[in-house]
Each structure stands twice: as structure tokens, then as C-alpha cells.
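**Student:** Compute the structure for the input listed below.
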Amino acid sequence: MYRLTGKFIYSVIDHVIFHFPGISLFLSLHHTDHPTREKCINILKQGHLMGVAPGGVREQNYGNNYYKLIWGKRKGFAHIAIDAKVPVIPLFTQNIREGYVSYGNIRPMRWLYERNRWLIFPIYGLFPVKLITHIGEQIPYDPNITPEKLTEKT
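**Tutor:** Numbers count the residues shown, from 1 in each chain. Sure, this is the predicted structure:
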């Protein structure tokens with residue numbers, strides 16, 4: 001992307017991941033961060049793109065192959081898009097859950113994560129599955145839309 005446009009794609013991830021030794025430098029070199037809202041807005045105003053998964057770790061580990069959204073009350077991405085005056089482009093990767101199996105949804109693992117934010121979910125897999133990424137219609141910036149409505153549209 002950078003070679004074609006001169007713009008980076010930033011990724012927003014859970015701050016817990018930065019506690020793993022040695023990973024912070026690697027992630028920052030790949031434009032991956034747990035930034036504040038203000039930093040996200042500045043990145044978007046500079047013309048860069050930003051990948052956000054509102055369901056985050058919960059959706060990754062507690063979801064199943066029915067792909068039900070587990071966003072809860074998360075609307076931060078909508079606040080950021082509205083404040084930065086940028087469109088939202090929804091993305092979905094089909095078959096991502098079939099590529100591996102996580103035991104994050106069993107009671108002791110869920111309790112550990114919710115209580116301590118520990119990411120020690122045993123997984124197995126990396127099965128060879130065909131991943132298909134669907135890019136949705138761009139939702140243009142609308143100064144009159146509320147974060148709740150933008151979240152619903154997304």
C-alpha cells in the first residue's frame with residue numbers, strides 16, 4: 001500500500017499484547033499500536049488508513065463459525081471516524097474461524113481473561129482454508145450521524 005500511495009495502514013490492537021517481552025518494537029515497526037482516540041484521529045487526518053476490530057479479543061476467542069458480532073457497547077471507532085471526518089469501509093474475512101481452534105470460550109479461560117486480561121488461550125490449527133475477504137460499501141462521512149447510528153450501519 002505504501003509503495004502505491006505513500007500511506008500506511010495502521011492496526012489497533014489490545015494493549016495487553018504489548019506486555020509480551022520483545023513484541024513492542026516489532027509491533028511499532030509494523031504500525032500496530034493501542035493508541036488514544038486523539039492519536040487515531042491524527043493518523044486518519046494525515047490520510048493514512050486504520051484497521052480496527054471492535055470485537056477484539058472477545059470476538060476472536062468467544063466467537064464461533066456463525067460469525068455473530070460480539071461488539072458489546074463498543075462505539076469508539078465510530079466516534080473516531082466522525083471526529084476525523086473520514087468514511088468507514090467495512091471488511092470481513094470469511095473462513096477465518098475455520099483456520100484455527102481456540103479454547104478461549106471454556107469457563108476457566110474466559111474467567112481468566114475477564115478477570116486478569118491474560119491472553120493464554122490454547123489454540124491449535126493453522127489449517128489450510130481458503131480465506132475470502134469481503135470489502136463492503138464505503139459509509140461516507142456524515143456530519144449529522146451519531147456514533148450509535150454509524151455503528152449500526154457498519
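**Student:** Now do residue 47 against residue 21, distance only.
**Tutor:** With distances taken as C-beta to C-beta, to the nearest Å, residue 47 is found 34 Å from residue 21. Backbone N, C-alpha and C define where each C-beta goes, glycine included.
**Student:** Just the buried positions in stretch 80-87, please.
**Tutor:** Neighbour-count burial for stretch 80-87 flags 80, 81, 82, 84, 86 (criterion: 16 or more other C-beta atoms under 10 Å).
**Student:** how long is stretch 132-148 end to end?
**Tutor:** With C-alpha to C-alpha, to the nearest Å as the measure, stretch 132-148 spans 28 Å from end to end.
**Student:** got a list of contacts for it?
**Tutor:** 75, 78-79, 81-82, 85-95, 150, 153-154 (C-beta atoms under 8 Å, 6 or more residues apart in numbering).
**Student:** Can you tell me which of those residues are buried?
**Tutor:** 75, 78, 79, 81, 82, 86, 88, 150, 154.
**Student:** Out of those residues, give me the two with the largest separation.
**Tutor:** 75 and 86 (15.6 Å; C-beta to C-beta).
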